[in-house]
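Sequence first, predicted model second:
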Amino acid sequence: MKRAPFSGERKEFLGRGWAMPVALDPATGCVQAAEYEDDIRQAVLLILETAPGERPMREFGCGIHEMTFESMDSGTLQRVRALVEDALRRYEARIDVLEVSVDDEVAADGKLLVEIEYRVRKTNQIGNLVYPFYFREGGRP
């Protein structure tokens, strides 16, 4: 009997790992895990939240953190978009980046909304998320 290639029990190829942020599962006392599409989503967030060089001996991460104190003009917004797209293409091989856009509607509050749409390569499932990038000191709640 053949099984559907992408059924819930056949997603092992999408990966599993520690949930981010790292925490203990109160039911088991073990480190909480993330798997499949949730693992990919958390990996995307980890890439965005890590500055290059932050991890020892690795250039892993996204260069938007260097933009924290830049004035927000159209060139800076384009650079933020390019840095996010480049980091995701480089460090998350399980996805195809479909679109990255930067919404500066709340820039007066010291925040940009980086909207990301991606497709999981193995399943063609579309995922999206909005990452709030704070470019002013003390802007993060």
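Alright, I've got the coordinates. Residues are numbered from 1 along each chain as shown.

for the chain, what spans make up the strands?
Using DSSP state E, the strands of the chain run over residues 16-18, 33-35, 95-103, 111-120, 126-134.

Save these as CSV, and put in distance to residue 49 too.
For the C-beta atoms, the positions are set from N, CA and C on the backbone; glycine is no exception. Shown next, in CSV, are the strands of the chain (distance: least, C-beta to C-beta, whole Å):
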stretch, distance to residue 49
strand 16-18, 15
strand 33-35, 15
strand 95-103, 16
strand 111-120, 12
strand 126-134, 8
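
Need the winner for burial among those strands.
By mean neighbour count, with neighbours taken as mean count of other C-beta atoms under 10 Å, strand 111-120 ranks first of the strands of the chain at a mean of 19.

Could you list the residues in contact with that strand?
Contacts to strand 111-120, defined as C-beta atoms under 8 Å, 6 or more residues apart in numbering, come from residues 14, 37, 40, 44, 48, 64, 72, 77, 80-81, 84, 88, 94-106, 125-136, 139.

average pLDDT for that strand?
Mean pLDDT, strand 111-120: 95.

Describe which strands it pairs with in its sheet and in which direction.
Applying DSSP bridges to the sheet, strand 111-120 is found paired with strand 95-103 (antiparallel), strand 126-134 (antiparallel).

For the first one, give me every contacting residue.
Under the criterion C-beta under 8 Å, 6+ apart, residues 40, 44, 77, 80-81, 84-85, 88-89, 112-121, 126-127 lie in contact with strand 95-103.

Figure out which of the strands of the chain is closest to residue 25.
With C-beta to C-beta as the measure, strand 33-35 is the member of those nearest residue 25 (7.9 Å).

distance between stretch 119-137 and the chain's centre?
Mean-position distance between stretch 119-137 and its chain equals 5 Å (C-alpha atoms, centre = their mean, to the nearest Å).
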